[in-house]
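1. here you go, sequence then predicted model.
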Amino acid sequence: MPASSIPIRPRGRAIIALPMAADRGRRIAVIVLIVLLLLPLPATVLPGSPMAIRIAGVPLLWWYAALFAPLTAAVALLLSRGLR
Amino acid sequence: MTAARALAAWPGPALVAGIIAAVAAGAPAAPVLVLAFAVTPLLALLQPSRAAAPSHPATLLITAGVAALLLWAHLAVLADAAALLGARRWQASVLAAALALLVTLRPRAGRRRGGMLAAGGAALLLVLVVVGVAGEVAPWTAWSQAAARPALVFSGRSGWVTEGERFVRGTTLAFDEAHRVVAVAPGTFRVVEQDGGRRVVRDWRLAAGDAISLRPGDTLTAAAGSRLRFEPGKRVPGAAPSGAAWADAAARAPSARALGLLATFALGACAVVPPGGRRVGAAPAVALALSLGATSWGVYATLAAPEAGLAGSPAEALLSLPRAVAPSRALPAGALAAVVLLGLLALFVAAADALRERISGAGGARLPIIWPAAMAAAALTAAVAVVDPWTPLTAGLGLAGAAIAAPRLAAGNGARRVLGWPLEAIGALFGAAVYAGLTLLSALLPAALAPLGATPVLAAAPAAWTVVRLLRTTRR
């Protein structure tokens, strides 16, 4: 085997899986958004219709769909970029 | 790419009008639609960035087909709006398509896309704020007032009462109480009467000014283009029977239908909205503007004009708000309607440019004729076929989800080929074939599989994904 001309200095190195670390925030945000999208499906068939409870005259389901879920999704998106 | 440019393909006129019309009509799926409208584009921005997929004629053809379907839906809404304002459908369709081609074929068109999206959204939000301020009522108060109405009735100021309005599409209206309707223009109308359990069908040819008296339980079928005038204070046929029924309709949404809509929107968004990269600055604001704006518009429309769905077009719900504001010296009649139209046009051009970029990315850059051909086909179809814009919109999003998003998510970053074909192209063909097959055979499916016929993406997307994953595994 020919001798290598590249100098190799065996020193200790910390191994960090950079692609995985960078992807972590994105994956968490994806899960949060999918949960936000699917949450109303079982909630509308729960006994007692909790999503029909009115707050300021508007059903909880509408507060969730128009304000809470989009706001949470937006925060999750911003945080996913912050976790990178 | 900035988030605004990435999101430009999403809030086109058809989607905006469709969501607002669903809220205004009290559709059972309305909350799910609003939720999907706002959240799924953010989900699409979170897709993993990947190298450009290998181009193939099959993926190019499917991408062009998806773009043509979505453009058709958007142009149909603009054509409907023109028809409601007294113009010809083809004029709006051809002019909007020509403008979009003019803008999108210019060099560096993509840089102006974010600005077009912002201008269109700002125009619509401006109208919403003006209506809210003029009526001195907050959206949640408007909701309470609309929900407290004992019945949704024609107001004395409604265009359907004063001068009569035009039906954009052929419509069948069911009457719950006695009603005398007057033909504003000559036309033929079919009345189905329930006479002691017996069904009696009568066709009436009416001249301008002739009237028909309808009894509870009767239905009236009006052809597209016919004009009628209704009585003030009478229930709006086809609308929710009361404010409470309108407000509570959302609690009755079938889960299968809601799941199908969520899958169509989520996968469709992943196909037409590219990954966002690191810059997501405007995305949260866009999501909130979409959800709050569409919901507020629909609620105001219900309060001001409960008959906003009568003409058979979602554009009527959009145009009902400007008409509900009394004209003044500072705000002449028609000014707000013009702002709405300009806003829709800006959203259309932004969406069109984003779709052009998707075609270009699928290999259309080497075949520059594909983009103008897709636009021309869409403009022609929108001008000729009087189809509900929701049909080509959901078909386009569903096909995109099954034949573009699902194979791409399954293929990952690899550029593997099988028998010389990229994996994505095989998945795209398979997904498109399953989608088309289920759509065509939906009437023949057994009751248990009916949801798959209504939203074929529920079966087509998993099928395409599975095929690509299997081929990817076997090649290793």
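-> Now that the structure is in, tell me what you want to look at.

2. state the distance from the closest residue to B:Ala9 other than its chain neighbours to chain A.
-> Residue nearest to B:Ala9 in three dimensions, not counting chain neighbours: B:Ala354, with 3.4 Å by CB to CB, 6 or more residues apart in numbering or on different chains. All C-beta atoms are positioned from the backbone trio N, CA, C, and that covers glycine. B:Ala354 is 19 Å from chain A, where distance means CB to the nearest CB, to the nearest Å.

3. up against chain B, what does chain A have?
-> A:23, A:26, A:29-30, A:33-34, A:36-38, A:40-41, A:44-45, A:49, A:51-52, A:56-59, A:61-62, A:64-67, A:69-71, A:73-78, A:80-81, A:84 (CB under 8 Å from any CB of the partner chain).

4. show me those residues that map onto helices.
-> Of those, the ones assigned to helices by DSSP state H are A:23, A:26, A:29-30, A:33-34, A:36-38, A:40-41, A:61-62, A:69-71, A:73-78, A:80-81.

5. which residues does the residue most central in space within chain A contact?
-> What sits nearest the mean C-alpha location of chain A, by CA atoms, centre = their mean, is A:Ala29, with 1.3 Å. Counting by CB atoms under 8 Å, 6 or more residues apart in numbering or on different chains, A:Ala29 touches A:76-77, A:79-80, B:46.

6. so which pair among these is furthest apart in space?
-> Farthest pair in these (CB to CB) is A:Leu79 and B:Leu46. Separation: 11.4 Å.

7. more crowded one of the two?
-> Taking neighbours as other CB atoms under 10 Å in any protein chain shown, A:Leu79 and B:Leu46 compare with B:Leu46 leading, 24 against 13.

8. hmm, stretch B:393-412 in reach of chain A?
-> No - in terms of CB under 8 Å from any CB, no part of stretch B:393-412 sits within range of chain A; the closest distance is 11.1 Å.

9. got the CA positions of that stretch in PDB?
-> Output of stretch B:393-412 as PDB, limited to C-alpha atoms (Å, rounded to 0.1, in the frame of the first residue of the first chain):
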ATOM      1  CA  LEU B 393     -60.000  23.700  -7.100                       C
ATOM      2  CA  THR B 394     -60.400  20.600  -5.000                       C
ATOM      3  CA  ALA B 395     -59.600  18.400  -8.100                       C
ATOM      4  CA  GLY B 396     -56.400  20.400  -8.600                       C
ATOM      5  CA  LEU B 397     -55.300  20.200  -5.000                       C
ATOM      6  CA  GLY B 398     -56.200  16.500  -4.700                       C
ATOM      7  CA  LEU B 399     -54.400  15.600  -7.900                       C
ATOM      8  CA  ALA B 400     -51.400  17.600  -6.700                       C
ATOM      9  CA  GLY B 401     -51.400  15.900  -3.400                       C
ATOM     10  CA  ALA B 402     -51.700  12.400  -4.800                       C
ATOM     11  CA  ALA B 403     -49.300  12.800  -7.800                       C
ATOM     12  CA  ILE B 404     -46.800  15.400  -6.700                       C
ATOM     13  CA  ALA B 405     -46.600  15.700  -2.900                       C
ATOM     14  CA  ALA B 406     -46.900  12.000  -1.900                       C
ATOM     15  CA  PRO B 407     -44.300  10.600  -4.400                       C
ATOM     16  CA  ARG B 408     -41.900  13.500  -3.500                       C
ATOM     17  CA  LEU B 409     -42.200  12.900   0.200                       C
ATOM     18  CA  ALA B 410     -41.700   9.100  -0.400                       C
ATOM     19  CA  ALA B 411     -38.700   9.600  -2.700                       C
ATOM     20  CA  GLY B 412     -36.800  11.800  -0.300                       C
END
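
10. mean confidence for it?
-> Stretch B:393-412 carries an average pLDDT of 92.

11. count of neighbours near the one residue in the stretch 101-250 of chain B that gets nearest to chain A?
-> Sorted by distance to chain A under CB to the nearest CB, the residues of the stretch 101-250 of chain B start with B:Ser144, at 3.3 Å. Residues lying near B:Ser144 (other CB under 10 Å) number 18.

12. likewise the one 3 residues further on?
-> Counted with other CB under 10 Å, residues neighbouring B:Ala147 total 22.

13. I'd say it and B:Ala249 touch.
-> No - using CB atoms under 8 Å, B:Ala147 is not in contact with B:Ala249, being 10.8 Å away.

14. any shared contact partners between those two?
-> In contact with both B:Ala147 and B:Ala249: no residue, using CB under 8 Å, 6+ apart.

15. and the contacts of the helix or strand hosting B:Gly115?
-> Using DSSP states H and E, B:Gly115 maps to helix B:113-135. Applying CB under 8 Å, 6+ apart, the contact partners of helix B:113-135 are B:2, B:4-5, B:7-8, B:11, B:16, B:103, B:138-139, B:142, B:282, B:286, B:289, B:293, B:296-297, B:300, B:304, B:321-322, B:324-326, B:331, B:336, B:339-340, B:342-350, B:353-354.

16. could you list the buried residues of it?
-> For helix B:113-135, the neighbour count (16 or more other CB atoms under 10 Å in any protein chain shown) marks B:113-114, B:116-121, B:123-125, B:127-128, B:130-132, B:135 as buried.

17. which stretches of chain B have low pLDDT?
-> B:1, B:51-53, B:250-254, B:277-279, B:326-327, B:329, B:333, B:364, B:414-415, B:475-476 (pLDDT under 70).

18. also chain A?
-> Judged by pLDDT under 70, the stretches of chain A that qualify are A:1-22, A:83-84.

19. is the residue nearest to B:Ala9 in contact with B:Val272, as I believe?
-> Yes - assessed by CB under 8 Å, B:Ala354 is found in contact with B:Val272 at 7.0 Å.

20. tell me which of those two has more neighbours.
-> A direct count of neighbours by other CB under 10 Å for B:Ala354 and B:Val272 places B:Val272 higher, at 29 against 26.

21. okay, now the nearest residue to A:Ile34 once chain neighbours are set aside: neighbour count?
-> Distance criterion CB to CB, 6+ apart; nearest residue to A:Ile34, sequence neighbours excluded, is B:Leu43 at 7.2 Å. Counted with other CB under 10 Å, the neighbours of B:Leu43 add up to 25.
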